[in-house]
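K.L.:
Quick one, fold the following:
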Amino acid sequence: MLPFFSLRLELQHIASTLTHPPLLLLCHYSCKDVMPLIRLIGRPDLCRQVMEMNTVTSTSFPRMLGDDSDCEDETDECGLTETLEVLFPDDQRINEVRRLLQSHQPVRVFLPQTAGSSHHEHMEEYEQKLFQISQRTMALPVGRGMITLLTVSHSVADVNNIPILCLTGRIPPNNTAITLANYEDKPPNMDVWPQFHNGVAASLQLIRPDHLPSTGFSVNPGQAGFLLGLGLTGNLRKLAAYTIHAHLSRHHEYTTIALLLGLSAGRIGSSDTLITRVLSVHLAPLLPASATELDIPHSVQVAAIMAIGLLYQGTGQRHMSEVLLREIGRRPGPEMDNCTNRESYSLAAGIALGCVLLRRGPRLRGLDDLNLTSRLHLFVVGGSQLVPPNVCYQIKEGDTVNTNISGPGATLALGLIYWSTGSQEVAEWLAPPDTMANLDSVQPDFITLRCIARWLVLWDEILPSEEWINANLPEVLTIKDDEMIPTSLDNSDAVTMGQAYCAIVTGACYALGLKFAGTKNKAAYHTLLSLVHRFLKLRESSGRLCKGGLRQYSHHELHPHPCATSVSVQTFYSAVQ
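P.N.:
Below is the predicted model:
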């Protein structure tokens, strides 16, 4: 009998799976040590199941907690059978990972019926539970794409090999089918982007196929994602120009997004003229003033402007820099133009500008007249707008910069442009607020972005220690964890300090994870893992730490996850090598 849990666990496996809680259970733990793990993944409801599984005997790994697939099903959805037989002949954990990442079968949903509830109410509870499980199912393609990256060698890239993403369920013991068709809280088109990512994951596993199909693509998100995956691995460079035109002429939103990003990623930093022409058709700022106005979906415009950043990465091209800088602070209008989803467009423009001018901060030759750095600073902190407002029928912003729109993109642009330059002036601009009034005037998410960008600038000063993390905190927040929110503060100040504290530490964790990504640095790993536990402690005791029992505020709930992601980034290569 192989015990499902044992006393030892490789620390790197904890880090590599924090963003996917089910994978934590693949490692061997003893039953007496499983309780901290259950608390770590936020699933105290699994405790009883863990105790039951301690009695399971088998010649191989038993079924996982919450497993929703048949053990007898040997469908190799991940395409790793031959590879695993060679690399891990005696290790079954990777096989379990593969099985957990399968999504082609309905999940099993079981809920005991509460006393006094009707059959209709019980079915509504089943639908709600299925909706929660479906969110996990829709995240599986991301993990599958990581574990199968460049593992399959096929001479032909077949778009029909995309695994099924099944969001239906079954109720034991009769396996009654259950769907989300009548679930009222289901968002419209909920599975569109997961299907897109599913296609991306399917194509990322291919190792340089010799032939790309020019036909057989239908207009669905999964096959559109397959095209993007081919672009990310550099395979779309083999696609003929007439085939690209045929795909674009369909005017399918997701296929167009995939091609624009995929073609640019395959020619990153090349300034390719042909691809620039293709992108210009989908971006009004790159077209002549006399050009015919085209009805381009907003998401396609966002993809096109991000693709410009990839295609011109590190080139410092003046015209593209000028256009992207202008688009970060683009005003609403004229008339009804640029009135919806402006945040995503501005953010994409900022990241793209940072890519074009990557690490060129001190040597922005030929761009002095643009006052690029000062304008980006204006977009971050606000002030009088330099561009007169358009006549807009829906939004009136006045003469000042709307930092809620331009702030995130400009912040990341500064961080990428001055990455690893050590510029103290820019770092001071991006420093977290140091007074209660300033903390209250900046959104916590923006504080996190500023901290990330600041440490991109001060890249060489990042240290793998909790002392360095605590040094990021302004004096107004330098207090002990057990007294994180002083009881002398009123509720509004307590919430402001709590959100700012979490935001600053989270930004520092991101920077630390990026700095030591794949280095196997134990100090960085232990520092990040300690901070994950710190946030979990704050989450569990937030009602005690915050005056008035402020558990309804979600900052303690949200910030453990990005910190856990930082741990995964730091040890990703350590886990897969």
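K.L.:
following the helix or strand where residue 137 lies, which helix or strand comes up?
P.N.:
Under the criterion of DSSP states H and E, residue 137 resides in helix 119-147. The element immediately downstream of helix 119-147 (helix or strand, assigned by DSSP H and E) is strand 169-171.
K.L.:
Check the average confidence over stretch 191-209, would you?
P.N.:
The average pLDDT for stretch 191-209 rounds to 90.
K.L.:
Name the residues of it that are buried.
P.N.:
191, 194-206, 209 (16 or more other C-beta atoms under 10 Å). For the C-beta atoms, the positions are set from N, CA and C on the backbone; glycine is no exception.
K.L.:
Filter these down to just the ones in strands.
P.N.:
Using DSSP state E, no member of the buried residues of stretch 191-209 sits in strands.
K.L.:
Among the residues you listed, which are located in helices?
P.N.:
194-204 (DSSP state H).
K.L.:
mind listing the helices for the stretch 151-300 of the chain?
P.N.:
Ranges of helices in the stretch 151-300 of the chain, per DSSP state H, counting those that start in this stretch, are 192-204, 221-232, 241-248, 253-266, 273-281, 298-311.
K.L.:
Sorry, wrong one. I was asking about the stretch 301-450 of the chain.
P.N.:
Under DSSP H, counting those that start in this stretch, the stretch 301-450 of the chain gives helices at 318-328, 342-356, 372-381, 403-417, 424-429, 436-441, 444-457.
K.L.:
same deal with the stretch 451-577 of the chain?
P.N.:
466-471, 491-515, 522-540, 542-545, 555-558, 560-576.
K.L.:
Please report the distance of residue 385 from residue 370.
P.N.:
16 Å (C-beta to C-beta, to the nearest Å).
K.L.:
of those two, who's got more company?
P.N.:
Applying other C-beta atoms under 10 Å to residue 385 and residue 370 shows that residue 385 carries more neighbours, namely 18 against 15.
K.L.:
Settle this for me: residue 523 is touching residue 466, isn't it.
P.N.:
No: applying C-beta atoms under 8 Å, one finds residue 523 not in contact with residue 466, separated by 9.8 Å.
K.L.:
And those two? Which one has more around it.
P.N.:
Using other C-beta under 10 Å, the more surrounded residue of residue 523 and residue 466 is residue 466, with 17 against 12.
K.L.:
Can you get me a residue count around the closest residue to the more buried one other than its chain neighbours?
P.N.:
Leaving out its chain neighbours, the residue that sits closest to residue 466 by C-beta to C-beta, 6 or more residues apart in numbering is residue 527, at 5.5 Å. Counted by other C-beta under 10 Å, the residues lying close to residue 527 total 24.
K.L.:
now swap in residue 168 and tell me
P.N.:
16.
K.L.:
need the contact list for it.
P.N.:
106-107, 130, 177-180 (C-beta atoms under 8 Å, 6 or more residues apart in numbering).
K.L.:
how about CSV for those residues, with neighbour count, pLDDT and distance to residue 441 added?
P.N.:
Below are these laid out as CSV (neighbours: other C-beta atoms under 10 Å; pLDDT from 0 to 100; distance: C-beta to C-beta, whole Å):
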residue, neighbour count, pLDDT, distance to residue 441
106, 19, 91, 49
107, 21, 90, 45
130, 24, 92, 42
177, 10, 90, 52
178, 19, 90, 48
179, 13, 90, 47
180, 18, 89, 41
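K.L.:
Reformat those residues as a markdown table; add distance to residue 262.
P.N.:
Below are the contacts of residue 168 laid out as a markdown table (distance: C-beta to C-beta, whole Å):
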| residue | distance to residue 262 |
| --- | --- |
| 106 | 32 |
| 107 | 32 |
| 130 | 33 |
| 177 | 37 |
| 178 | 37 |
| 179 | 33 |
| 180 | 31 |
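K.L.:
Just the ones in strands from the residues you listed, please.
P.N.:
107, 177-178.
K.L.:
Identify the residue nearest residue 354 in space, chain neighbours excluded?
P.N.:
Nearest one to residue 354, counting by C-beta to C-beta, 6+ apart, is residue 416 at 2.7 Å.
K.L.:
do residue 157 as well
P.N.:
Per C-beta to C-beta, 6+ apart, closest to residue 157 is residue 209, 4.2 Å.
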